[in-house]
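In: sequence unknown, structure follows:
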């Protein structure tokens, strides 16, 4: 936890603003708690098509509690960071317990060796630099909470596998409850059910593969029982040798309950979300679905997996944003990077190869569980194998998979300077001293790993101290990322560096021409720099981008309103604003502004422009908003309002074949008003009579 001390005074960065500051479920005390169960992680209704579909109500609840404890609006980030660091410490302690549990099941494992392995694995996990996004970023609360309950559930499940019938039901039930809580903190928690099944499968395999000679005699022991080896170490009599029917029933119960829980969650999520897959992802967020062929998609998936593996092995190049095109995509089968991907997959397969050579060794099965159940399983949701995700690469997604990686790495590092006790040395209860060179290399590698991890983690914490530091560090690693360029442009706008901001925005567009978000920011920057013409032009282009449409329309509304105030007798700005409303399907409001612009043109004597403005309204096939309201009120209760009769009559007057109806409304208005006090009624009536006479003729 000490390496994260310098993260406590960090600001809300990047996605923290959307998850906390702009999330009404977090900051609004009067917001209903029941809304948490129907909203996504960002505070939107999860059933809507534009929702991110990230269902994490318990994580949002924890953020809300942090905000309540802080007691300030807007909230201060210090309390959020403190809880994140505490949770990471709790995860590390639980992981240490899991490491002790798993390492103690190695063959002829001495207690001291087991403890050293477990402590080393916990240190590797706690200090790994790839965790800075999950710990230093407030949004990483989801990973931390999920990991807490994943580890508690896994520890209980392992106890249930080896426990007798008395506590089996309680341990299994608590493990399944933890699975439910974990998946409500983050969806990746569902993969712990796969870890449950993997552990049960390995336990079942060892039940039949472990020979009786390993235990000296075929004792009747319950599944997964640990026995004391002759040398004092703890050794697993794999799943017991007694094939009792009760043990088989307990195993079947565990498997059925785990599968049923997984299926139940999938059904529940499908009913809640209405639409399970997110359709709002773009190439800039995940380029894999946009590859032209299936082959290229799978080659890029392989490169993605290799990149994640490299971040676990060599976590030097880290970034808060890995969006397109930070990592160049694979465009051909013959690129050399495909050889690296093939090598990476071969290395992963080598972890399982010893199981085929020596299937009776619990040590190799334990390694297989760490790789399959604790690395590959938690990584599947981010792998883009079964479904495409909206984040191409994110370091926080490695928080759970890094547990299995730390277990395997610690085991391998330990073997470099100390081997387990062989049977002929068992009576001495001491390990064989390794060679001095081998021991120095082993200790040196351990110290180097831990020191390098600590320094790199501390450096990454400083990058997360503010958005300025975060985006600048991301720019160093990902200069070709369109989103990084956009964020750096927005950052330069804050400091009024207009030229630099425009350069970043243009680079983002050059990287991905289909990325429309920078257009809006280009328009604002032009306005800030005093270039009104280009500013308005870019904002009008930004209206076509669904991601910036609302902001662009709001900005144009203010601009045209100020322009009209500066020239109140001109209809040009009202007509331009009406055209914007047409583009966003606000036809009634648009027609109203077209009529107002037409009236101003007529007052200036520009009849042709007035006619054009009114024609644009008629082409929409709707009436001005005030006229529509007048018609609605006339059909309900306000039949004695002369203004409503006149407003609706003016609309009917422009519709062929309805002049008679217009005459009736104008006559009603004339009866309700004194002619001399309402000359506009008489004028409209005379105009209509003249038009009616000419049509009849």
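Out: Right, received. Where do you want to start? Owing to the predicted nature of the structure, the values given are computational and were not obtained by experimental measurement.
In: Could you point out which residue ranges in the stretch 301-450 of the chain have low pLDDT?
Out: Residues of the stretch 301-450 of the chain that meet the criterion pLDDT under 70 lie in 356, 416-436, 438.
In: show me where it has helices.
Out: Taking DSSP state H, counting those that start in this stretch to define them, one finds helices in the stretch 301-450 of the chain at 337-350, 353-357, 362-371, 377-379, 401-415, 436-463.
In: low-confidence ranges in this structure?
Out: For the chain (pLDDT under 70), the answer is 107-109, 164-165, 209-244, 274-280, 356, 416-436, 438, 621-648, 651-658, 671-697.
In: Can you name the residues in contact with stretch 330-344?
Out: Counting contacts by Cβ atoms under 8 Å, 6 or more residues apart in numbering, the residues outside stretch 330-344 that touch it are 295-296, 299-300, 302-303, 305-306, 309. For every residue, glycine as well, the C-beta is placed using N, CA and C.
In: Can you get me the start-to-end distance on it?
Out: End-to-end distance for stretch 330-344, by Cα to Cα, to the nearest Å: 16 Å.
In: Stretch 36-45: which residues count as buried?
Out: Neighbour-count burial for stretch 36-45, with 16 or more other Cβ atoms under 10 Å as criterion, is recorded at 36, 39-44.
In: and residue 340, how many neighbours?
Out: 16 (other Cβ atoms under 10 Å).
In: And for the one 4 residues further on?
Out: Around residue 344 there are 19 other residues, counting by other Cβ under 10 Å.
In: could we number from 890 for the rest of this?
Out: Got it, the first residue is 890 from now on, which makes the last one we talked about residue 1233.
In: from the buried residues of stretch 925-934, which single one is nearest residue 988?
Out: Nearest to residue 988 among the buried residues of stretch 925-934: residue 930, at 30.6 Å, using Cβ to Cβ.
In: so which helix or strand takes in residue 1188?
Out: When elements are assigned from DSSP states H and E, residue 1188 belongs to helix 1183-1202.
In: What of residue 1464?
Out: helix 1461-1472.
In: those helices in the stretch 1340-1489 of the chain, which residues are they?
Out: 1356-1366, 1371-1383, 1387-1400, 1406-1417, 1421-1431, 1438-1455, 1461-1472, 1476-1492.
In: got these as TSV, with distance to residue 1003 and mean neighbour count columns?
Out: Shown next, in TSV, are the helices of the stretch 1340-1489 of the chain (distance: least, Cβ to Cβ, whole Å; neighbours: other Cβ atoms under 10 Å):
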stretch	distance to residue 1003	mean neighbour count
helix 1356-1366	39	19
helix 1371-1383	45	23
helix 1387-1400	51	19
helix 1406-1417	53	22
helix 1421-1431	61	18
helix 1438-1455	58	16
helix 1461-1472	68	20
helix 1476-1492	73	22
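In: Minimum distance to residue 1296: which of these has it?
Out: Across these, residue 1296 has its closest neighbour in helix 1356-1366 (28.2 Å, Cβ to Cβ).
In: give the contact list for the residue lying closest to residue 1034 once chain neighbours are set aside.
Out: Closest residue in space to residue 1034, ignoring its immediate chain neighbours: residue 1074 at 4.0 Å, by Cβ to Cβ, 6 or more residues apart in numbering. Contact analysis of residue 1074 by Cβ under 8 Å, 6+ apart lists 945, 947-948, 1031, 1034-1035, 1038.
In: Take those residues and keep only those in helices.
Out: In this view, the contacts of residue 1074 that belong to helices under DSSP state H are 947-948, 1031, 1034-1035, 1038.
In: Turn those residues into TSV, including neighbour count and distance to residue 1152.
Out: Supplementary listing: the ones in helices among the contacts of residue 1074 in TSV, determined by neighbours: other Cβ atoms under 10 Å; distance: Cβ to Cβ, whole Å:
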residue	neighbour count	distance to residue 1152
947	21	21
948	24	23
1031	26	23
1034	26	24
1035	30	20
1038	24	20
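In: Name the nearest of the residues you listed relative to residue 1023.
Out: residue 1031 (8.5 Å).
In: before we move on, the earlier item: which one of the ones in helices among the contacts of residue 1074 sits closest to residue 1423?
Out: For residue 1423, the nearest member of the ones in helices among the contacts of residue 1074 is residue 1031. The distance, counting by Cβ to Cβ, is 41.5 Å.
In: Distance check, the closest one against residue 1366.
Out: Relative to residue 1366, residue 1031 is positioned 24 Å away (criterion: Cβ to Cβ, to the nearest Å).
In: how deep is residue 891 tucked in, by neighbour count?
Out: Neighbour count of residue 891, defined by other Cβ under 10 Å: 11.
In: now the one 4 residues further on
Out: One way to gauge burial is a neighbour count; for residue 895, by other Cβ under 10 Å, it gives 17.
In: for stretch 1065-1073, the distance to its chain's centre please.
Out: Taking Cα atoms, centre = their mean, to the nearest Å, the mean C-alpha location of stretch 1065-1073 is offset from the chain mean by 19 Å.
In: Buried residues, it. List them.
Out: Within stretch 1065-1073, the residues that count as buried by 16+ other Cβ under 10 Å are 1065, 1067-1073.
In: Now render these as a markdown table, adding secondary structure and distance to residue 1268.
Out: Conversion of these to a markdown table gives the following (DSSP: H, G, I helix; E, B strand; the rest coil; distance: Cβ to Cβ, whole Å):
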| residue | secondary structure | distance to residue 1268 |
| --- | --- | --- |
| 1065 | helix | 23 |
| 1067 | helix | 20 |
| 1068 | helix | 18 |
| 1069 | helix | 22 |
| 1070 | helix | 21 |
| 1071 | helix | 16 |
| 1072 | helix | 16 |
| 1073 | helix | 21 |
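In: Out of the residues you listed, the closest to residue 1213 would be?
Out: The nearest member of the buried residues of stretch 1065-1073 to residue 1213, counting by Cβ to Cβ, is residue 1072 at 29.5 Å.
In: my read: that closest one touches residue 1078, true?
Out: Yes. Taking contact to mean Cβ atoms under 8 Å, the distance of 3.9 Å between residue 1072 and residue 1078 places them in contact.
In: can you list residues touching both of those two?
Out: Shared contacts of residue 1072 and residue 1078, defined by Cβ under 8 Å, 6+ apart, are found at residue 1035.
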